[in-house]
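*Asks:* No letters, just coordinates:
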């Protein structure tokens, strides 16, 4: 096999540089999740297809990666079934497992399966890859990481408040300017009721969710195509065009939705949430956006989406409240709310803002030059000492020309090299070179602790 | 669907407690890998089957999880092929991708694919799950994590030395007493040559690898069954029973292998490696073990295995040198050496030694009691301040009885709760209760920084 090996389309290798940057992203997000009292869980990459199927709509079912049963996967398939070549049906007969499509459904499955061990309200975070057989394109992958944070078993709006604080805290740490958009599914239901099209709430929310992408005229055409009446569309226009502060919008809307019980409830929830938000200091702006629907049918209350300011990249975080997610697994009455951070898009934003420059590109701080087996006892002693002081150090493994070893240090962006020259061993010293400034100095082996404290204080 | 949901056999959910313990394991291992100058990479869960097939033997091929092609996976399969029901052949026609089986082959693929970007010698670590369709049993899973550390592009024995240092450092940090066993594949080849059975080196190494499990007599029977001559088996016995120090064993062996060039080379490598080891201080014992083969055909030099002392659990780390691993992907002459830590077994050992007691079981340090919306402005202020001082804090989201909130803190093992009583707000104080000692005290809001420093100094 002499052709260059490759990986499946839509998947990626992560190099050392990329990994260090990605770890910075994940570590920052994790740190904040924990600061807010959320704790980690993990679920297996493979779930039973019975767990996954039917949870993401027909389109989602098609995008599931299915795992072929081990052994004779055809043993229970009849010749007749096989002959029909109905690949959709057949795939369910020869595959029992699939790769997880998101972290929300496995989480709901987890909650139901472990309900007796869990302390409610259950605050969990989960950072793992998910897989979708989507058509790969720029910024869309078949394997990507989601960073989810959810609380289930409490319908208090303080949970929504806390999630917004988490959003604010995380993007402040990243130095990404954001706008948080908030809506409420009950308000959307109220609007559908108000315009006399309660039955079409799904079509309506899916359509108005596209308003940012396709514009108001195209949304109206779509509504007409879906069979929404002209009078209803007309009645909808002022709502779509609401202007002013969050308070003004809410008040105007409240007057219009006066006859919709569910609409009124949604307005009350939003008012309460914005009331909480007023009690704290946020860096990000929080904006009521009635056109925000996120196309996800399982939301029942708050809908949340975060956009990066100044950078065109779509949403970098989003989520909402769901009252019925564990219901499909036989556990009713558990309300939850959660958000998901898009690690890949955050990576792209930080990259565009050149913010990775400040992140260390090498974890190795010192390279010890290999000057042959005769000096080795002395070199290994320095190596042990530096590592005991927690300085990340490597010894060049081969006895090569110093130029080659310096090139290695340069390519790996290692900031210091240590080598021996002249009477260094006799004098009980070593020579250290700062690879950026080119300055060299002698350090006494007996004073290595002081030297480490001065040069590598950050590493302890 | 009302039956309790489940996960595929051989897979696991990890609860919050388990996650915190697992993270401690991974973080410790990572920290040491970095201290020794190794850097992370990651590869996709799915690899092309052309990358995986044929690398793990026939048995390994059967244990690969294959992913069904998306869409009409039957489109290129003829009726004739389908009718034959040859599931082995058919699986290759309907699946192009599989889940990775280990981290070594994806790493070799990575090195060849990215050879132009990589700085050699390339020191990388990789901590990711792998999947095997093995029969699940106690301690054996279908999804499990491997922690691999390898260096490729250098044949210096200092790399083996460094890996042994890493082993020593990691298990010292874990407080696990270990023995490191070392062998060399060239010595095994030399022995096969010495007993006149060079052609049967594979059979011989596979058989003597089992000596610990099945005993010397069973090994001899197996050798006979494989067709090794009686005189060869007789000649082998003193070698299997070699006793004494590493030096004594090596010297004895050297005399016997005097006519085997490859055996002599293996002896020289071992002598050099033990020479390096003598120059440093190790906590673990390093032992020459001529019966160690690890059944892996791709090893060409050192073979390394680590066993926990006092605990029956098999090997908790192992690896070796391979000279030809990238050759199958078209890149010759790249020597590598690496080891893999078994996170699950390390978890089990730490658990058996009750060493997890010292690990924090909750990441939340303070629970703020919810006493209703009237006090909320004051409570949210305390919450913000504590988090600004990096104290992991949660607010109970619902306005529930204090008893219920205390029970929650108890169940989550949160060490402190803060609540308001009497004139706390008027006096600008709050009340904090140590959940272990039951001691309560008043803290001035203006002195919260001092309070944090005293109580939570570890968290900053």
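*Replies:* Ah, there it is. These figures come from a predicted structure and were not determined experimentally.
*Asks:* what helix or strand does the closest residue to residue A:424 other than its chain neighbours sit in?
*Replies:* Closest residue in space to residue A:424, ignoring its immediate chain neighbours: residue A:430 at 5.7 Å, by CB to CB, 6 or more residues apart in numbering or on different chains. Yep, even glycine has a C-beta here, placed from its N, CA and C like the rest. Assigned by DSSP states H and E, residue A:430 falls within strand A:429-434.
*Asks:* Sort out which residues of that strand are buried, please.
*Replies:* A:429, A:430, A:431, A:432, A:433 (16 or more other CB atoms under 10 Å in any protein chain shown).
*Asks:* Okay, and the beta partners of the fourth one?
*Replies:* Residues in a beta bridge with residue A:432, per DSSP bridges, are residue A:418, residue A:441.
*Asks:* Would you check how far apart it and chain B are?
*Replies:* Residue A:432 is 16 Å from chain B, where distance means CB to the nearest CB, to the nearest Å.
*Asks:* Next up, the contacts around that residue.
*Replies:* Residues in contact with residue A:432 (CB atoms under 8 Å, 6 or more residues apart in numbering or on different chains) are A:366, A:416, A:417, A:418, A:440, A:441, A:442, A:443, A:451.
*Asks:* Just the buried ones from those residues?
*Replies:* A:366, A:416, A:417, A:418, A:443, A:451.
*Asks:* Would you mind giving the residues you listed as JSON lines with pLDDT added?
*Replies:* Supplementary listing: the buried ones among the contacts of residue A:432 in JSON lines, determined by pLDDT from 0 to 100:
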{"residue": "A:366", "pLDDT": "96"}
{"residue": "A:416", "pLDDT": "96"}
{"residue": "A:417", "pLDDT": "97"}
{"residue": "A:418", "pLDDT": "97"}
{"residue": "A:443", "pLDDT": "96"}
{"residue": "A:451", "pLDDT": "88"}
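*Asks:* Farthest pair within those residues?
*Replies:* Checked with CB to CB, the buried ones among the contacts of residue A:432 reach their widest spread between A:417 and A:451, with 14.4 Å between them.
*Asks:* returning to what we had before: from the chain's centroid, how far away is the strand holding residue A:430?
*Replies:* 43 Å (CA atoms, centre = their mean, to the nearest Å).
*Asks:* And stretch A:311-327, by the same measure?
*Replies:* 11 Å.
*Asks:* Equivalent analysis for stretch A:127-144, please.
*Replies:* Worked out by CA atoms, centre = their mean, stretch A:127-144 lies 12 Å from the chain centre.
*Asks:* Measure how buried residue A:146 is and give me the count.
*Replies:* 18 (other CB atoms under 10 Å in any protein chain shown).
*Asks:* Also the one 3 residues further on?
*Replies:* Applying other CB under 10 Å, we find 28 other residues in the vicinity of residue A:149.
*Asks:* Which other helices and strands does the helix or strand hosting it contact?
*Replies:* Assigned by DSSP H and E, residue A:149 falls within strand A:143-152. Packing partners of strand A:143-152 (3 or more CB pairs under 8 Å, 6 or more residues apart in numbering or on different chains; DSSP states H and E): helix A:16-35, helix A:104-113, strand A:122-131, helix A:158-174, strand A:336-342, helix A:343-352.
*Asks:* That strand vs helix A:16-35, what angle?
*Replies:* Interaxial angle of strand A:143-152 relative to helix A:16-35 (axes from the mean of the first three to the mean of the last three CA atoms, to 10 degrees): 0 degrees.
*Asks:* buried sites along strand A:143-152?
*Replies:* Neighbour-count burial for strand A:143-152, counted by 16+ other CB under 10 Å, picks out A:143, A:144, A:145, A:146, A:147, A:148, A:149, A:150, A:151, A:152.
*Asks:* residues contacting whichever residue of the stretch 251-400 of chain A sits closest to chain B?
*Replies:* Nearest to chain B, among the residues of the stretch 251-400 of chain A, is residue A:394, at 2.8 Å (CB to the nearest CB). Going by CB under 8 Å, 6+ apart, residue A:394 touches A:364, A:366, A:367, A:368, A:414, B:36, B:37, B:123.
*Asks:* Would you verify that the first one is located in a strand?
*Replies:* No. Inclusion of residue A:364 in a strand is not indicated when DSSP: H, G, I helix; E, B strand; the rest coil is applied; the result is coil.
*Asks:* pLDDT weak spots in chain A?
*Replies:* The model of chain A has pLDDT under 70 over residues A:1-3, A:295-296, A:358-362, A:457-460.
*Asks:* picking that back up, for the residue of the stretch 251-400 of chain A closest to chain B, what are phi and psi?
*Replies:* phi -130, psi 150 (degrees, to the nearest 10).
*Asks:* Who does it form a beta bridge with?
*Replies:* Here residue A:394 sits in beta bridges with residue A:367, going by DSSP bridges.
*Asks:* Distance check, it against residue B:30.
*Replies:* 16 Å (CB to CB, to the nearest Å).
*Asks:* close enough to count as contact, residue A:153 and residue A:124?
*Replies:* No. Using CB atoms under 8 Å, residue A:153 is not in contact with residue A:124, being 10.9 Å away.
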